[in-house]
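[1] Okay, predicted coordinates and the sequence, questions at the end:
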Amino acid sequence: MSGEYEKFCYICRRTEEKTGPQITMPGGINICSDCMQKTFDMLDANGLANIDMSGFNLNPQESAKVSLDKETEESDESKNKNQKDISRLGNISFVNLADLQGQIPRRQKLKKKKKNTEPVIDISKIPAPHKIKASLDEYVIGQEHAKKVMSVAVYNHYKRISLGDDPDVLIGKSNMLMIGPTGCGKTYLVQTLAKLLDVPLAIADATSLTEAGYIGDDIESVVSKLLAAADNDVDKAETGIIFIDEIDKIAKKKNANSRDVSGESVQQGLLKLLEGSEVEVPVGANSKNAMVPLATVNTKNILFICGGAFPDIDNIIKERLNKQSSIGFMADLKDKYDNEENILKYVTIEDLKNYGMIPEFLGRLPILFTLEGLTKEMLVKVLEEPKNALLKQYKKLLEMDEVQLLFDEGSLEAIATKALEKKTGARALRAIIEEFMLDIMYEIPKDDNIGRVTITREYVENTGGPVIEMRGVTPIEENG
């Protein structure tokens, strides 16, 4: 039975997993090497004569037998006194635990870089842009321009990596900046892309980044997350993708009286990462300290994708567009762009500068594109068409109870209309469905006779109920 339990130190109560191999003393007492060494150091500092060992009944045969080496010469009188004190301890002497350090497990080191001439990325395994876009179409509805831009940029990026250090042509990095309203699929696009290419992906939030030395995550923590996603394999991490979300939250603060530790300073700190440089990042932590090992990662082949909603930038765009108006019969009206749904498609670098992004930061994100806000028709497609569509998920859940779930066309339009009112994009769909599906998911397992449930527009709009059909009463069609 003793093998089922882990040893723990009698003094500090830490387990053997944290302390390493422990020393077993007479009586079944275990002591870790740290506590044992501290005991020896205390004895050397205070002297053995000051310790009363009369209460201990030590058996010399069970005592540890190790040698005592004296490094300093003592007088004959002190030697006799020490020998007399030592004789009271039985047959116990001291050992330098530095000799045991080889048996104590060290902290696990990172995998070393492979020294070979093989290319890190095999370009033949990277799908062509049209194939990348076709795969994205299976998961993301709409956003045709954004998917095309990302497919070409990613394909060119990994061609650049496979080319290596070509002395003739040096290809620059194709970092991307995507702008789109909340819930339009920015994060989901990047997640699907990384899954398709089978490369490490780290998703960081710019809101938690601060200047070094302040409370929050250091700028290097975004690379540390990528290293963790690559299982601490530096070579694998150096060809991964980092997506920094909420990038608009690090814009320069206007009329700020205090130090801006999470705005312009963070943009300046990200410059070296975007450009490509060797940085030391903590492994398994967000900040550097003496207890955390460091790894050196080169970011020149890491693809950075930044995304943000940039709220209120539409006012900056409208102001710039209205300045182009002239006086006269052919002049544009000031409210010409007020009803423009996708005003973000007119965004320029100058608008982003006015928003608070510094030119050096924008210059390292050469590919700028926008995503469209979701319309009612797009929201209906989001419910039905993707591989992991919400309707497919709920139908699968009820299939496990042997119940068929159907949605009529009116119910889908009602759900999309409610989602548009919330103005949170596709994220509103699940909240709406969860609300009216709660009672159905609760009541159906009670009755085994229920065979089919049809969600109607009236049920979604709280003016009626769902259509429930019992088994044997109405024939149930397999495909509805």
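    The structure has been received and is ready for your questions. Since the structure is predicted, the reported quantities are computational estimates derived from the model, not experimental observations.
[2] C-terminal to the longest helix anywhere in the chain, what's the next element?
    Looking across the chain with DSSP state H, the single longest helix is helix 144-163. Per DSSP states H and E, the first helix or strand lying C-terminal to helix 144-163 is strand 176-179.
[3] Tell me which other helices or strands that next one touches.
    helix 144-163, strand 303-308, strand 367-370 (3 or more C-beta pairs under 8 Å, 6 or more residues apart in numbering; DSSP states H and E). Using the backbone N, CA and C atoms, a C-beta is placed for each residue, glycine as well.
[4] how about it as CSV, C-alpha atoms only?
    The C-alpha trace of strand 176-179 is given here as CSV (Å, rounded to 0.1, in the frame of the first residue of the first chain):
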residue,chain,number,x,y,z
MET,A,176,-2.5,42.0,-41.8
LEU,A,177,-4.9,44.4,-40.2
MET,A,178,-8.6,43.6,-40.4
ILE,A,179,-11.3,46.0,-39.4
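[5] Off-centre distance for it?
    Centre-to-centre, strand 176-179 and its host chain are 19 Å apart (C-alpha atoms, centre = their mean, to the nearest Å).
[6] For it, report the contacting residues that lie outside it.
    Strand 176-179 has contacts (C-beta atoms under 8 Å, 6 or more residues apart in numbering) with 146, 149-150, 153, 186, 189, 247, 303-310, 313, 344, 347, 362, 365, 367-371.
[7] Check stretch 236-247 too.
    Contact with stretch 236-247 is made by 120-121, 158, 161, 177, 186-187, 190, 193-194, 197, 199-207, 222-223, 225-227, 229-230, 270, 297-299, 301-309, as judged by C-beta under 8 Å, 6+ apart.
[8] do the same with stretch 127-142
    Stretch 127-142 has contacts (C-beta under 8 Å, 6+ apart) with 147-148, 150-152, 154-155, 185, 188-189, 192-193, 196-197, 372, 374, 378, 381-382, 385-388.
[9] at 6 Å instead, please
    Stretch 127-142 is contacted from outside by 147-148, 151-152, 155, 185, 189, 192, 196, 378, 381-382, 386-387, using C-beta atoms under 6 Å, 6 or more residues apart in numbering.
[10] Repeat that for stretch 272-285.
    Contacts for stretch 272-285 (C-beta under 6 Å, 6+ apart): 175, 220, 223-224, 288, 292-300, 304, 364.
[11] show me where pLDDT drops low in the chain?
    1-5, 46-123, 165-167, 255-258, 285-291, 324-339, 472-480 (pLDDT under 70).
[12] all strands in it, in order from the N-terminus.
    23-25, 29-31, 176-179, 201-205, 241-245, 278-282, 294-298, 303-308, 367-370, 404-407, 450-455, 467-470 (DSSP state E).
[13] doesn't Asp198 make contact with Ala230?
    No. Counting by C-beta atoms under 6 Å, Ala230 does not reach Asp198; the two are 11.7 Å apart.
[14] Those two: who's more crowded?
    Set side by side, Ala230 and Asp198 show more neighbours around Ala230, with 21 against 8, by other C-beta atoms under 10 Å.
[15] residues contacting the more buried one?
    Ala230 touches 200, 236-237, counting by C-beta under 6 Å, 6+ apart.
[16] thinking again about what came up before, switch the strands of the chain over to a markdown table; also include distance to Gln393 and mean neighbour count.
    Output for the strands of the chain, formatted as a markdown table (distance: least, C-beta to C-beta, whole Å; neighbours: other C-beta atoms under 10 Å):
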| stretch | distance to Gln393 | mean neighbour count |
| --- | --- | --- |
| strand 23-25 | 55 | 14 |
| strand 29-31 | 52 | 17 |
| strand 176-179 | 26 | 24 |
| strand 201-205 | 22 | 19 |
| strand 241-245 | 24 | 23 |
| strand 278-282 | 37 | 17 |
| strand 294-298 | 37 | 17 |
| strand 303-308 | 25 | 25 |
| strand 367-370 | 29 | 18 |
| strand 404-407 | 10 | 20 |
| strand 450-455 | 14 | 20 |
| strand 467-470 | 21 | 15 |
